[in-house]
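Peer 1: sequence below, structure please.
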Amino acid sequence: MTPAEVAAFLDEQRVVICATNGHRGWPHLMPLWYTVRTSDIWAWTYAKSQKVRNIERDPRATLQIEDGEQYNELRGVMIEADTVIHRDTDLVTEFGTELFARYGTGATGPEFLEVVRAQAVKRVALQFVARRTASWDHRKLGGVY
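Peer 2: Predicted coordinates:
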């Protein structure tokens, strides 16, 4: 995919699979809701989650976002990234409101902000800074598979 196609694909998809390095040497794969902020993938999760523990030990993560049912429809993006863990409650709250807006909760206003802030104190924001990106789009193969 071209860079513009990758950006459009990331904007339309809803779930990223995040692989971190588990403490027993096995990959740890988990789905996350995400947004794109200044070309980085961002997500949030509980501060005490296994993926955060793994990232604290080793900040490398591999992300995969994919789509398609049939082989000739498969497309996706794989990103090898360094992860920055953001713990500042104000930043996590700000990001949480962006995330909820993207996923269509429809809630707004001061009461909603307090709900997000109450969640933010238990969560972290994860910023995935891409080091290498690979993409594929089998729809472009034109039946050659």
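Peer 1: any idea which helix is longest in the chain?
Peer 2: helix 89-102 (DSSP state H).
Peer 1: what's the helix or strand following it packed up against?
Peer 2: Sequence order places helix 109-120 as the next helix or strand after helix 89-102, per DSSP states H and E. Under the contact definition 3 or more CB pairs under 8 Å, 6 or more residues apart in numbering; DSSP states H and E, helix 109-120 sits against helix 89-102. (Glycine included, C-beta is placed from N, CA and C.)
Peer 1: off-centre distance for the helix it packs on?
Peer 2: 14 Å (CA atoms, centre = their mean, to the nearest Å).
Peer 1: all the strands of this protein, residue numbers only.
Peer 2: 15-21, 27-33, 35-37, 40-46, 60-67, 75-86, 123-137 (DSSP state E).
Peer 1: need the helix or strand of this structure with the lowest average pLDDT.
Peer 2: helix 109-120 (a mean of 85; mean pLDDT, DSSP states H and E).
Peer 1: mind listing what's buried in the longest helix of the chain?
Peer 2: Val92, Thr93, Glu94, Phe95, Gly96, Thr97, Glu98, Leu99, Phe100 (16 or more other CB atoms under 10 Å).
Peer 1: nearest to Asn54, out of the strands of the chain?
Peer 2: Nearest to Asn54 among the strands of the chain is strand 15-21; the distance by CB to CB comes to 3.7 Å.
Peer 1: that closest one pairs with which strands, parallel or anti?
Peer 2: strand 27-33 (antiparallel), strand 60-67 (antiparallel) (DSSP bridges).
Peer 1: most packed of those strands?
Peer 2: Most buried of the strands paired with strand 15-21 by mean neighbour count (mean count of other CB atoms under 10 Å) is strand 60-67; its value is a mean of 18.
Peer 1: tilt between that strand and strand 123-137?
Peer 2: 60 degrees (axes from the mean of the first three to the mean of the last three CA atoms, to 10 degrees).
Peer 1: so for strand 60-67, mean pLDDT?
Peer 2: The pLDDT scores in strand 60-67 average 98.
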